[in-house]
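> Sequence plus predicted model, see below.
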Amino acid sequence: ISQYGYSSWTVNAYGLGIGAVVLLLLQQPMELRHSLTNPTIMVWLLILGIVPTLGGGLAFYAGLQRLPAVNASIVATFEPVVATTLGWIIFSERLNLPQIIGGILVVGSVILIQLPRD
């Protein structure tokens, strides 16, 4: 996956591990203590850590093995648009004007780079 020969597992582990440490340092100590001692919260943290986070990263790296990096990066730009749209559809979240404009810009940009060059 990388130019140095690291596997997708290694790259994902470093990225997620560093991200977890940084986020832990930003937590309020009392809230962190409550979260770590509550079994229900711990189960949900594990589920959220394994399924969408680890699964999504590994799916992306698997895609990189089958697609050129340019195509994979184009697909990755749709992630926030898809997540926002699903939040709006499934959870009835409100979209504000900057979110709508951002989504339009992302979709428009992807369409624009797919047009044939003259």
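In hand now; what should we look at?
> Show the average pLDDT along stretch 32-44.
Here stretch 32-44 scores 89 as its mean pLDDT.
> Likewise for stretch 62-74?
The average pLDDT within stretch 62-74 is 82.
> Could you check it and say which residues are buried?
Neighbour-count burial for stretch 62-74, with 16 or more other C-beta atoms under 10 Å as criterion, is recorded at 64, 72. C-beta coordinates here come from the backbone N, C-alpha and C atoms, glycine included.
> Check stretch 8-16 too.
Buried, per 16+ other C-beta under 10 Å, within stretch 8-16: 8, 12.
> Please report how far the residue of the chain most remote from its centre lies from G108.
Ranked by distance from the centre of the chain (C-alpha atoms, centre = their mean), the top residue is D118, with 34.6 Å. Using C-beta to C-beta, to the nearest Å, D118 is found at 19 Å from G108.
> Specify the local secondary structure of T10.
Taking DSSP: H, G, I helix; E, B strand; the rest coil as the rule, one finds T10 in the helix state.
> What of Q3?
Once three-state DSSP is applied, Q3 turns out coil.
> At which residues are the strands of the chain located?
Taking DSSP state E to define them, one finds no strands in the chain.
> just the CA coordinates of stretch 47-54, formatted as CSV?
Extracted in CSV, the C-alpha atoms of stretch 47-54 (Å, rounded to 0.1, in the frame of the first residue of the first chain):
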residue,chain,number,x,y,z
ILE,A,47,-18.8,-1.5,17.8
LEU,A,48,-18.2,2.0,16.4
GLY,A,49,-14.5,1.4,16.5
ILE,A,50,-14.6,-1.9,14.7
VAL,A,51,-17.4,-1.7,12.2
PRO,A,52,-17.4,1.8,10.5
THR,A,53,-13.9,3.0,11.5
LEU,A,54,-11.7,-0.1,11.0
